[in-house]
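Got a sequence here, can you build the structure:
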Amino acid sequence: MLNKLIQLMIVLFLLIVGYVLWLFADDIQAKIDAFRTEKAVEAAIAQHQPRKALALLEAAVTQHPKEALFHFQLATQYHQQKQPEKAICEYRIGLRLNPSARVYRFNFARLLVAQHRPNDAIREYRSVLEWAPKDVGALHDLGQLYFDFYQQAYNRGKVEESQWCLRWALYYFSKAIKLNDTDVSAWWGYGHALHLLHKEGKAKQAFCKVLAQQPNFTPARYNLGLILWQEHHEPLAFELLISAVRLKEAAIADGTSNEDIAMFQRQLATMRNEYAVRTGVVLPYQATHKAVEVTHTETKKESAKTEAVAEKSPFATDASLAQACK
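As a prediction, this is how the structure comes out:
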């Protein structure tokens, strides 16, 4: 009797399993097909066959329209093959199916930035932060976007709007720094925003944080020099400014930069002349690389006056970042 009962239960269990398999047969087959397609796509990418991968994915999104992964992978392929509008469309579909796909949302936001759609990008970055509030990359990119907005507003003469954008940039850079104290780029953005908001004391600390990790970070070196000049530490400031411009000149000379630094060279010459006229002390400076050498803004009269005292002018040759940041 017991054996018959057990046999009956086994038969009943097998019938239930068979019914479930029959009921979900299409879904199970779809999952199997999707898995095979995914492996085929991975193989095509590994074998550097982007056209084959693209064809497989285009077929996959037709066969499996609710599989978010295929839409994301297809968006990636479109992006790599310079079809941004198609990539944007596939990212949107994938994110509707899987809103929590943080990595793909992050990539989508960066694509929007590259396509000059910053407002859309900001929405996507903020969505990333809804799912992952400690995503340093999203915080950093938002800070940079608002900094770009500042520059655009400033160029249009929108002073109030530009200040508002700077404060948002400062907010996001500060959050990134709290999560990653070694993020040099975030420290630079934070310090630059502070400097433009005329908060020189905190900006100086931020630039020193940058230079403690990357002593040859030229923009931080130059801006720190400007702050020291405003604080009337002229010789030390000038040494930092010169070293920053020398780094720029060297980069141009060895072909790693094509930056136009004539403005910086002229500014150094002007500062040098003004300081010489005011104090009788000539701070030594001359553009060194012929490809970037410019005519200094000094007049013949100013040249004669400054050069006349050049030989007896003291100069703080032992200036260092340690002195600047103490």
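
Show the contacting residues for residue 118.
Residue 118 is in contact with 112, 145, 148-149, counting by Cβ atoms under 8 Å, 6 or more residues apart in numbering. Where C-beta positions appear, they are placed from N, C-alpha and C, glycine not excepted.

hmm, 7 Å instead?
145, 148-149 (Cβ atoms under 7 Å, 6 or more residues apart in numbering).

same check, this time on residue 138
By Cβ under 7 Å, 6+ apart, residue 138 lies in contact with 106, 125, 128-129.

Apply 10 Å and report the result again.
102, 105-106, 109-110, 124-129, 131-132, 172, 175-176 (Cβ atoms under 10 Å, 6 or more residues apart in numbering).

Those, buried ones only, as a PyMOL selection?
Command for PyMOL that selects the buried part of those, burial taken from 16 or more other Cβ atoms under 10 Å:
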select buried, resi 102+105+106+109+110+124+125+127+128+129+132+172+175+176
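
So which of the contacts of residue 138 belong to helices?
102, 105-106, 109-110, 124-129, 131, 172, 175-176 (DSSP state H).

Make sure residue 273 is actually in contact with residue 282.
Yes - between residue 273 and residue 282 there is a contact at 8.8 Å, judged by Cβ atoms under 10 Å.

Let's see which of the contacts of residue 118 end up in helices.
Per DSSP H, these map to helices at 145, 148-149.

Would you format these as TSV with pLDDT, neighbour count and distance to residue 39 included?
Formatted as TSV, the ones in helices among the contacts of residue 118 follow (pLDDT from 0 to 100; neighbours: other Cβ atoms under 10 Å; distance: Cβ to Cβ, whole Å):
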residue	pLDDT	neighbour count	distance to residue 39
145	92	22	38
148	90	14	41
149	91	20	44
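
Pick the one among those residues closest to residue 207.
Among the ones in helices among the contacts of residue 118, residue 148 lies closest to residue 207 (Cβ to Cβ), at 20.5 Å.

Now do the contacts for the closest one.
Taking Cβ under 10 Å, 6+ apart, one finds 113, 118, 165, 169 in contact with residue 148.

What about the third one, how many residues nearby?
When neighbours are defined as other Cβ atoms under 10 Å, residue 165 has 22 of them.

these two touch, right, it and residue 144?
No - counting by Cβ under 10 Å, residue 165 stays clear of residue 144, with 11.3 Å between them.

what touches both of those two?
With Cβ under 10 Å, 6+ apart as the test, residue 165 and residue 144 reach no residue in common.

Residue 282: neighbour count?
22.

Centre-most residue in the protein?
Centrality entry for the chain: nearest residue to the mean C-alpha point is residue 141, 5.3 Å, by Cα atoms, centre = their mean.

ok, now how distant is that one from residue 74?
Distance from residue 141 to residue 74, counting by Cβ to Cβ, to the nearest Å: 24 Å.

cool, and residue 270?
For residue 270, the distance to residue 74 equals 56 Å [Cβ to Cβ].

higher neighbour count, those two?
Between residue 270 and residue 74, residue 74 has the larger neighbour count (other Cβ under 10 Å), namely 25 against 14.

For residue 210, which residues are in contact?
183-192, 217, 219-221, 223-224.

hmm, 7 Å instead?
184, 187-188, 191, 217, 220.

Please apply the same query to residue 80.
So residue 80 contacts residue 50 (Cβ under 7 Å, 6+ apart).

Repeat that for residue 74.
Contacts of residue 74 (Cβ under 7 Å, 6+ apart): 57-58, 61, 90.

buried ones in stretch 74-82?
Applying 16+ other Cβ under 10 Å to stretch 74-82 flags 74-79 as buried.

Which one of the residues you listed is nearest to residue 85?
The closest of these, once distances to residue 85 are taken by Cβ to Cβ, is residue 78, at 8.4 Å.

Spatially, and excluding backbone neighbours, which residue is closest to that closest one.
Take residue 78 and drop its neighbours on the chain: the residue closest to it by Cβ to Cβ, 6 or more residues apart in numbering is residue 87, 3.8 Å away.

same for the one helix or strand that neighbour maps to, what does it pack against?
Under the criterion of DSSP states H and E, residue 87 resides in helix 84-97. Packing partners of helix 84-97 (3 or more Cβ pairs under 7 Å, 6 or more residues apart in numbering; DSSP states H and E): helix 68-80, helix 102-114.

CSV please, covering these and showing mean pLDDT and distance to residue 207.
Shown next, in CSV, are the helices and strands packed on helix 84-97 (pLDDT from 0 to 100; distance: least, Cβ to Cβ, whole Å):
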stretch, mean pLDDT, distance to residue 207
helix 68-80, 88, 36
helix 102-114, 90, 26
